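# coordinates for the following, if possible.
(one chain, ligands or ions: 1)
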Amino acid sequence: MTMLNSDKNPVEKSTGFFAPTEATLCDLQVVLLYTMNRKRKDSQKKLSHLHTCEMEKFIVEYLAVYDCIQLSRKELDTIYIRRLQIHRLRERNGVTMKAYREMNREELLSLKEELDKQFADAKGKGLKLDMSRGKPGLEQLDMTMDIMDVLDSKTDMRNEEGADTRNYGLMTGISEARHLMSDMMGGIPAENVIVYGNSSLSIMYDTISRCVTHGVMGSTPWCKLDHVKFLCPAPGYDRHFAITELFGIEMITIPMTPAGPDMDLVEKYVSEDPAVKGIWCVPKYSNPQGYTYSDETVRRFAALKPAAKDFRIYWDNAYSIHDLYDDNKDELLEILSECEKAGNPDMVYEFSSLSKVTFSGAGIAAFASSKANVEETKKFMSIMTIGYDKINQLRHVRYFKNAEGLKAHMQKHAAILRPKFEAVLGILDKELGGLGIGEWTKPLGGYFISFEAMEGCAKAIVAKCREAGVVMTGAGATFPYGKDPKDSNIRIAPTFPNAQELEAAAELFVLCVKLVSVEKLLAA
Ligand SMILES: Cc1ncc(COP(=O)(O)O)c(C=O)c1O
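Now for the predicted structure:
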């Protein structure tokens, strides 16, 4: 029996349990499924999409719980036979693992026939699933329900400065909320932070609106200029682009790289064109690629020499603490202090919120910038409102207490989100790996996975998914004006569906990718 060997591998060493010498995914899967099946029928789980290392970890954990299982010779033989069956099945399906571009017309036609059948079956299931918006799932929302118990009719509603949060006042937010948000944004001094209401997007909208009507620190209001332009790293966040489009600002697409926007282009536009007034940035776990700007990128941003004195970087730090892995996370350089060091203290407007920490649309949102920018913002705020919802601010600070409390809460989110990301990535790897019909990002945090289909296929894939009952973000949405020049980017949002729905949605997605890609190649 080749899978048994006296040379112990790590699984065997740590568990005393026999383990295959070549710890292939297939072996481990079969062993695990078999043992789980034998031990506890209800714990059967489809594990085909777990990565090998996770599979090993899972086995170790599983065996720690259910004791080491001694398998009899007969049982080992059964596992071996099953393994052979899987191996043969893979060989038989070898044609589908071949890169699509290497297939001849006959192979493509027969593959299309098979995929058409699978699609008809999938359609018949009457799915009604949504992988379009980056919303927290039910489990995440339920997990946070105890925040509702923090305040009641007996609560002392005064904040740490003794101010009554039930009344008007404290325009820039209660001090403990300013501290909490300053920690969340990487340790910015709390006096540089203003805590608003429930939505960071609405602060961004207000900020742009104010620049259009009143200008920035005494410069000409944008509405009086013939040309106002914004740089838009893409793929990016569709709602950023919607704001700039609404105000008639010309959007210039800047390609994204894993280290952030193409900085050569950014520097060129910003230093040469005084009509360029801003750039949208999601610097950590970017929407949708999950990329984090490198230190070099942040420093190049801080050192920009804008031709327009009212140029600002719109730094939407929405996912600053949204790591999926405790021991493998991206780090982002704090930009306000970098700008100050580079002699550009006023060049950044930073935004963030707790929308994906507590409740979406019912968290607290913050703006951070230089002292001068904060002072200017306050002048406008005082016309607009007599104070935001400080009771919600109090609820949040009493719930989290401090940065450590926030961190512990985010670890609970990560425990829910990690398997969802891994499930989708596993299905993408398993079903599309090696076929040459798509590429995808593997983020360490945030809310999205970005998929690059073959050129000219994204719209058709999204339409096919919809036809069979799975809603994806509209193709093109991740680009200015909703126009993806290559028609290839699709944003995948794995957070909202439950595990079962997510698997069904991802399986359908990969089927649609295959089908549309085959059709594209046949039409070429
Ligand atoms: C990059 C980014 N910024 C802002 C938001 C919205 O934040 P808020 O709920 O604070 O308005 C989202 C929501 O998906 C987002 O992805």
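# nearest the geometric middle of the protein, what residue?
Central residue of the chain (Cα atoms, centre = their mean): Tyr447, 2.4 Å from the mean position.
# can I assume that residue is in contact with Ser360?
No - Tyr447 lies out of contact with Ser360 (Cβ atoms under 8 Å); the separation is 10.6 Å. In this view, the C-beta of every residue, glycine as well, is placed from N, C-alpha and C.
# from Glu114, how far out is the residue nearest to the centre of the chain?
34 Å (Cβ to Cβ, to the nearest Å).
# re earlier: for the residue nearest to the centre of the chain, give me the pLDDT.
pLDDT, Tyr447: 98.
# would you map the strands across this structure?
Taking DSSP state E as the test, the strands found in the chain are 129-131, 193-195, 229-234, 250-257, 260-261, 276-281, 312-316, 348-353, 365-368, 438-440, 449-453, 470-472, 489-492.
# can you give me the angle the longest helix along the chain makes with strand 449-453?
Counting by DSSP state H, the longest helix found in the chain is helix 403-432. With axes from the mean of the first three to the mean of the last three Cα atoms, to 10 degrees applied, the angle from helix 403-432 to strand 449-453 works out at 20 degrees.
# tell me the buried residues in helix 403-432?
Within helix 403-432, the residues scored as buried using 16 or more other Cβ atoms under 10 Å are 406, 409-410, 413-414, 416-417, 419-428, 431-432.
# which residues of this protein lie near the ligand?
134, 199-201, 237, 282, 287, 316, 318, 353, 355, 360-361, 365 (Cβ under 6 Å from any ligand atom).
# rerun at 8 Å
Neighbours of the ligand within the chain, by Cβ under 8 Å from any ligand atom: 133-135, 198-204, 237, 239-240, 282, 286-287, 316, 318-319, 351-356, 360-361, 363, 365, 447-448.
# now, of those residues, which are buried?
Burial by neighbour count, 16+ other Cβ under 10 Å: within the residues of the chain next to the ligand this picks out 134-135, 198-201, 203-204, 237, 240, 282, 286-287, 316, 318-319, 351-356, 360, 363, 365, 447-448.
# so which of those residues sit within helices?
Reading helices off these with DSSP H, I get 200-201, 203-204, 240.
# Ser132 contacts Val470, doesn't it?
No - taking contacts as Cβ under 8 Å, Ser132 lies outside contact range of Val470: 9.1 Å.
# test my guess that Pro485 contacts Ala458.
No - here Pro485 lies out of contact with Ala458, judged by Cβ under 8 Å, at a distance of 11.1 Å.
# of those two, who's got more company?
Neighbour comparison, Pro485 and Ala458: the larger count goes to Ala458, with 27 against 11 (by other Cβ atoms under 10 Å).
# tell me how many other residues crowd the residue nearest to His322 when sequence neighbours are not counted.
Nearest non-adjacent residue to His322, counting by Cβ to Cβ, 6 or more residues apart in numbering: Gly445, 4.8 Å away. As a burial measure, Gly445 scores 22 neighbours (other Cβ under 10 Å).
# what do you get for Glu455?
12.
# so what's Met472 up against?
Applying Cβ atoms under 8 Å, 6 or more residues apart in numbering to Met472 gives the contacts 131-132, 461-462, 465-466, 490-492, 509.
# for Cys457, give its distance to the ligand.
For Cys457, the distance to the ligand equals 25 Å [Cβ to the nearest ligand atom, to the nearest Å].
# quick one, what contacts the residue nearest to that residue when sequence neighbours are not counted?
Counting by Cβ to Cβ, 6+ apart, Cys457 lies nearest to Val516, which is 4.9 Å off, once chain neighbours are set aside. If you count contacts by Cβ under 8 Å, 6+ apart, Val516 has them with 453, 457, 460-461, 464.
# for Lys128, same thing?
Contacts of Lys128 by Cβ under 8 Å, 6+ apart are Gly469.
# for it, phi and psi?
Here is the backbone geometry of Lys128 (degrees, to the nearest 10): phi -140, psi 80.
# check what pLDDT it gets.
Lys128 carries a pLDDT score of 94 in this model.
# gap between the residue nearest to His322 and Pro255?
Using Cβ to Cβ, Gly445 is found at 22 Å from Pro255.
# re earlier: among the strands of the chain, which comes closest to Ala99?
Shortest distance between Ala99 and the strands of the chain, using Cβ to Cβ, is found for strand 438-440: 11.5 Å.
# list the buried ones in the closest one?
Neighbour-count burial for strand 438-440, counted by 16+ other Cβ under 10 Å, picks out 438, 440.
# just how off-centre is it within its chain?
Here the centre of strand 438-440 is set off from its chain's centre by 16 Å, with Cα atoms, centre = their mean, to the nearest Å.
# that strand packs against which elements?
When contacts are defined as 3 or more Cβ pairs under 8 Å, 6 or more residues apart in numbering; DSSP states H and E, strand 438-440 packs onto helix 403-432, strand 449-453.
# then the last one to PDB, C-alphas only?
In PDB, the C-alpha atoms belonging to strand 449-453 read as follows (Å, rounded to 0.1, in the frame of the first residue of the first chain):
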ATOM      1  CA  ILE A 449     -12.000  38.900  -4.500                       C
ATOM      2  CA  SER A 450     -11.300  40.300  -8.000                       C
ATOM      3  CA  PHE A 451     -11.700  38.000 -11.000                       C
ATOM      4  CA  GLU A 452     -10.100  38.700 -14.400                       C
ATOM      5  CA  ALA A 453     -11.800  36.800 -17.200                       C
END
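# that strand pairs with which strands, parallel or anti?
Using DSSP bridges, the strands paired with strand 449-453 are strand 438-440 (antiparallel), strand 489-492 (antiparallel).
# would you list those in CSV and tack on distance to Ala523 and mean pLDDT?
Shown next, in CSV, are the strands paired with strand 449-453 (distance: least, Cβ to Cβ, whole Å; pLDDT from 0 to 100):
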stretch, distance to Ala523, mean pLDDT
strand 438-440, 18, 96
strand 489-492, 20, 98
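# looking at these, which is nearest to Phe311?
Taking the strands paired with strand 449-453 one by one with Cβ to Cβ, strand 489-492 is closest: 27.3 Å.
# so what's the gap between that closest one and the chain middle?
Centre-to-centre, strand 489-492 and its host chain are 11 Å apart (Cα atoms, centre = their mean).
# name the residues that touch it?
Residues outside strand 489-492 that contact it (Cβ under 8 Å, 6+ apart) are 131, 235, 287-288, 424, 440, 448-453, 458, 461-462, 472-473, 475-479, 506, 509.
# stretch 166-179 now?
Stretch 166-179 has contacts (Cβ under 8 Å, 6+ apart) with 157, 159-161, 163, 165, 181, 190-191, 193-196, 364, 366, 374, 378, 381-382, 385-388, 390-391, 393-394, 396-397.
# just for the stretch 51-200 of the chain, where's the confidence low?
Scanning the stretch 51-200 of the chain for pLDDT under 70 picks out the ranges 51-97.
# ok so, going back, could you check which of Ser132 and Val470 has the larger neighbour count?
More crowded of Ser132 and Val470, by other Cβ under 10 Å: Val470, with 26 against 19.
# cheers, nothing more for now.
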